[in-house]
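**Q** please find the sequence and the predicted model below.
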Amino acid sequence: MDLSRRDFLKATGLSGLAVALSGLGLNMAKVQAAAKEFKLKGAREFTSICHFCACGCGVIGYVKDEKLINLEGAVDSPINRGALCSKGLGYGQIPNSDQRATKPLYRAPGSDHWEEISWEEAIDRSARALKKARDEGWKQTEVIDGKTVDVHRTDAIGFVGGSQINNEECYQNIKMARALGVIYIDNQTRVCHATTPPAMNAAFGRGAMTNPWGDLKNSKLIWIEGSNLAECHPMGLKNVMKAKENGATIVHVDIRYTRTSKIADHFFQLRPGTDIAFLGALINYIITNKKYNEDYIRRNTNACCILRDDYKLEDGIFSGYDPENRTYNMETWGYALGPDGKPQKAQDLFAPNTVMSRLKEHYSRYTPEQASAITGMPAEDIQKAAEIFSSHSPTVMMYALGMTQHTIGVQNIRCFTILQLLMGNIGVPGGGVDAMRGQPNVQASTDFGIMYQYFPGYIAYPTEKTNTMESWTKVSGTQNRRWLINMLKAWFGDYATAENDYGFGLIGVRNSHHNDSIYGMFEDAYRGTVKCLYLCGQNPHVTNANAGMVHDGMCKMDTVIAQDIFINETAEFWNRPGDNPKDIQTEVIFLPACSYLERRGTITNSMRLIQWRMEGPKPLGDSKPDYEINNLLWRRIAELYKDSTDPKDAIIKRIDATWNYSDDQTVEDILKEINGRDLATGRLLAGIGELKDDGSTSAGMWIYTGVYGNGEHLAQRRGQEDEGDMGIYPKFAFAWPDNIRMIYNRASCDENGQPVDPAHKIVWWDAAENRWKGYDRPDVGSLTAAPGTPGGNSPFRMTGEGYARLFAADYADHNPDGTTRLHSYTPVDGPVPEFYEPVESPTKNALHQNERAQFNPCVIYPRMPERQRIGTPDEFPYVLCSSGIAEHWCGGTVTRNIPWLNELVKEPFVEMSTQLAGKLGVKAGDKVKVSSARSEVVVKAMVTDRAKPLTVNGAETHTVWMPYSWGFKGLSKGPSTNYLTIDALDPNVNEQEFKACLVNIQKA
Ligand code: SF4
């Protein structure tokens, strides 16, 4: 790369807000001017998508003599319009980096070094290790709840990764993992945004970000909570700044003042883990003062539905609680049903037991004073925040890991959904709940079900309660059965027929009581069950909470297969400073993958946009694209099993029969399989509506159907049209589902299909042409389904009720024949958000006396008491919150190997207030020991006024903050913050509580 270090430092900005604004592209003219001077003559140009956060910025690269010579932002990308932040720009150093591992490597048991091996040997060793673990760890049956269940799976293999590879590679990995009978499957979303899909799904019926970045310009109020957008999603902020230019008000709510606060009109500080108390007070204010949008909630939500009269909440515990198992029976959380089995509705919003009346009662306890005692935010600030929120519309609520990484993560996000529904802000221009995801393809690795609990497309994975197609359909419903049949046809081909339930019985079965997440996996490795780990672009040694558990689990494994671009801490865990490699008998095989610029494929950003990456330079050295490595690995595994007659291996043969991707068109072949076909004609299906439930169509993942519609590769599109100037750009790439950019957009229209706000219309019913039309694709069952008909009437058609759910009732909708059509999702820890303290908290829960309700009553922690001690405030008096920064990203595997970024921020640190520093006698730059109940690290102190002490329940409370992207490998080394953090998990999805644990700090 010819971009000079000086230009880079100028472009990324070295001081304060300059990183946020210059890095956003506001000063990028200098970089672009410099770029023009490069010797690009004769260079090959290609386009791709940035590797880091899930903004999905477009890049243009230039290749000469098979080397990358320039990388810059793509001007035609509606997301970044030519700008890149420091990380995106810095990636230009990676294709030619001499830090990269470019040969397959082997670390023998007990060895203290790597040996170079051939690709043939690396693949053979990997395939044999997976086979050995699978066969030796095979579990044919298991006794669950006193019954012997045929589970046909292996408990000896873990599959981890996916959020840094392309869609087609994700699909290969999940197909391979499920073929092997693997249950421990996870990707980085477990650690980041696992709580988002169930929260959004419980409210709206789908689990994804609602509105595109471009729509932010239509907002009147941008509410950013639990996110440092300026540093972690800089191009998201670029779009926010556009709204600000249009007169929007910006509010930032967070645990400390950051670069995002700097651009906000209002900043509100709260204590980590107390958002529900704050947001509950806002809900209370809106209901009490009748600030809700009555027309909207009557038309689109379950506000008027009547709940069962035996539903209750007593001292923090909902009805149906089983204290022994810490679970709920949700039966009482249902509706009063009419004779037709549908929820009964009242005319009066606040009639007894309506959802609105129960919401009003529930949140009446969340007064500004009560919320203030919990959050530490002054009551008058809470009042002011409520007034600002309720006096603007449309409003978009944007969030990231500050909301998700808690033991009440799902319920945090549920608060946003309730607030936005009350104000009528969902499915309208300028509205929405925008989940900002932090890895380039974490959206798709979640879409593809690289998670223990899903198949691709958010279809539930079978457990002992749903281990036949019949029992599975009873729970998941016939709508999901349709998507599942299409996936089974894609995986098992001609073998899958109605007679054999499309091969459903070949798939392994989970134990619903067992934690199969990345946390359960390392715990079971420590217990000796998980023997072999396949890792693809993930660094859990740095990114998992209570990281010492990861290390100790890995030490007990037989084999680790690490597929990555650099050798990171997880691949080289056996060489951790202070340990003796001789004591660690795990063999490690390293498979060198190439960078994103060196391979092609599609990738999906936060706003569900599926974009195409072209191939740039050739892979460095002997490194290979992940899709090629996956092909080699699968083919070798299939070869090893080819003569087997064991029934447990039948699934491998069935999957192998459809693993027939050509060598030169692997990516395109896979994308077509994902898209789906009419099996009689071979035609690639144009949309989800074409999928049949009779085995006559196939689709590897239903939600992406249409991306290759009728043979047209729509992810490659770069159309700039934006009719209506709404920021939609419908011909730029392809968004799932069905190219709808703003999901639920039918909610912007009245019963007759006419825009409620004609000045900001997005879709409408054209009575003259008898069809739905719009600047975006209308989100209706069928474009010709008129308003008033079932297909044209429900903006929230993906919930069982057909309404958005203010209260996440337990409800299954039925077909006329009595079978389940669709079961709405209800979080396991409550139908409405209730405040609980973090597991490690500096104070008592001010809302409840009940000890059970100190923290989330459904959280089971510790799971391994000897390894998971809970710290108390007398020993660990300060609250630690950790997150990312602009210059380093995630586990640091890539960014700590970019010299320019290391120059910007060279080491981890702990940020504390001037008051706390004074109390401890610490000055900026002093070394301090930060200790928790799990471990301790020594870092430098950074003393600022950004996280002021708060008064919580009458006591002064201090919050400190640390970045987490460091470890003992790479060019920049430093202690890993996650040795300190707590691995208590949200009970819905097993996401950890990174944002609040207790520590002590002493001068080192
Ligand atoms: S890191 Fe995110 S904001 Fe920065 S260039 Fe990459 S995609 Fe864009």
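**A** Great, that's in hand. Numbering: from 1, shown residues only.

**Q** contacts, neighbours, all on C-alpha from now
**A** Will do.

**Q** may I see the buried residues of the top helix by length along the chain?
**A** Taking DSSP state H as the criterion, the chain has its longest helix at helix 119-136. Of all the residues in helix 119-136, those buried under the rule 16 or more other C-alpha atoms under 10 Å are 119, 122-135.

**Q** and stretch 656-669, by the same measure?
**A** Under 16+ other C-alpha under 10 Å, the buried positions of stretch 656-669 are Asp656, Trp659, Thr666, Val667, Glu668, Asp669.

**Q** most widely separated two among those?
**A** Asp656 and Glu668 (18.0 Å; C-alpha to C-alpha).

**Q** on that earlier part again, which neighbouring elements make contact with the helix or strand just after the longest helix of the chain?
**A** Of the helices and strands lying after helix 119-136 in sequence (DSSP states H and E), the nearest is strand 138-144. Packing partners of strand 138-144 (3 or more C-alpha pairs under 8 Å, 6 or more residues apart in numbering; DSSP states H and E): strand 147-161.

**Q** tell me the SS of Leu591?
**A** strand (DSSP: H, G, I helix; E, B strand; the rest coil).

**Q** against the ligand, how distant is Asp434?
**A** From Asp434 across to the ligand, the span is 15 Å (C-alpha to the nearest ligand atom, to the nearest Å).

**Q** hmm, who's touching the host helix or strand of that residue?
**A** Asp434 belongs to strand 433-435 when assigned by DSSP H and E. Counting by C-alpha atoms under 8 Å, 6 or more residues apart in numbering, strand 433-435 makes contact with 196, 208-211, 396-400, 416-417, 420, 426, 606-607, all of which sit outside it.

**Q** can you select the buried ones from those residues in ChimeraX?
**A** Of those, the buried ones go into a single ChimeraX selection, burial set by 16+ other C-alpha under 10 Å:
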select :196,208,209,210,211,396,397,398,399,400,416,417,420,426,606,607
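
**Q** may I ask which two of the contacts of strand 433-435 are separated the most?
**A** Those two in these that are separated most widely, counting by C-alpha to C-alpha, are Gln420 and Ser606, at 19.2 Å.

**Q** what bridges to Gly58?
**A** Beta bridges link Gly58 to Ile49, judged by DSSP bridges.

**Q** hmm, Ala74 and it touching each other?
**A** Yes. Gly58 is in contact with Ala74 according to C-alpha atoms under 8 Å; the separation is 4.9 Å.

**Q** now the common contact residues for these two.
**A** Common contacts of Gly58 and Ala74 (C-alpha under 8 Å, 6+ apart): Thr47, Asn80, Gly82.

**Q** neighbours of the last one, how many?
**A** Burial measure for Gly82: 21 neighbouring residues, criterion other C-alpha atoms under 10 Å.

**Q** who touches it in this structure?
**A** With contacts defined as C-alpha under 8 Å, 6+ apart, the neighbours of Gly82 are Gly25, Gly58, Val59, Glu72, Gly73, Ala74, Val75, Asp76.

**Q** how about whichever helix or strand the fourth one is part of: buried residues?
**A** This points to Glu72. Following DSSP H and E, one finds Glu72 within strand 67-73. Neighbour-count burial for strand 67-73 flags Lys67, Leu68, Ile69, Asn70, Leu71, Glu72, Gly73 (criterion: 16+ other C-alpha under 10 Å).

**Q** that one pairs with which strands?
**A** Strand pairing (DSSP bridges) places strand 67-73 next to strand 58-64 (antiparallel).

**Q** which one's more surrounded, Gly58 and Ala74?
**A** Gly58 (27 against 21).

**Q** which residues sit in contact with the more buried one?
**A** Counted by C-alpha under 8 Å, 6+ apart, Gly58 has contacts Thr47, Ser48, Ile49, Cys50, Gly73, Ala74, Val75, Ser77, Ile79, Asn80, Gly82.

**Q** in stretch 815-825, which residues are buried?
**A** Here stretch 815-825 shows Thr820, Arg821, Leu822, His823, Ser824, Tyr825 as buried, counting by 16+ other C-alpha under 10 Å.

**Q** the ligand: which of those is nearest?
**A** For the ligand, the nearest member of these is Tyr825. The distance, counting by C-alpha to the nearest ligand atom, is 31.2 Å.

**Q** model confidence over stretch 943-963, on average?
**A** For stretch 943-963, the per-residue pLDDT values average out at 96.

**Q** next one: it to chain centre, how far?
**A** How far stretch 943-963 lies from its chain's middle: 28 Å, per C-alpha atoms, centre = their mean, to the nearest Å.

**Q** can you tell me what sits against that stretch?
**A** By C-alpha under 8 Å, 6+ apart, stretch 943-963 touches 255-258, 269-272, 372-377, 842-843, 846, 878-885, 908-917, 923-924, 977.

**Q** among these, which are in strands?
**A** Among the contacts of stretch 943-963, the members falling in strands (DSSP state E) are Gln269, Tyr878, Val879, Leu880, Cys881, Ser882, Ser883, Phe909, Val910, Glu911, Met912, Ser913.

**Q** residues touching the first one, list them.
**A** Read that as Gln269. Per C-alpha under 8 Å, 6+ apart, neighbours of Gln269: Val253, Asp254, Ile255, Arg256, Tyr257, Met377, Ala947.
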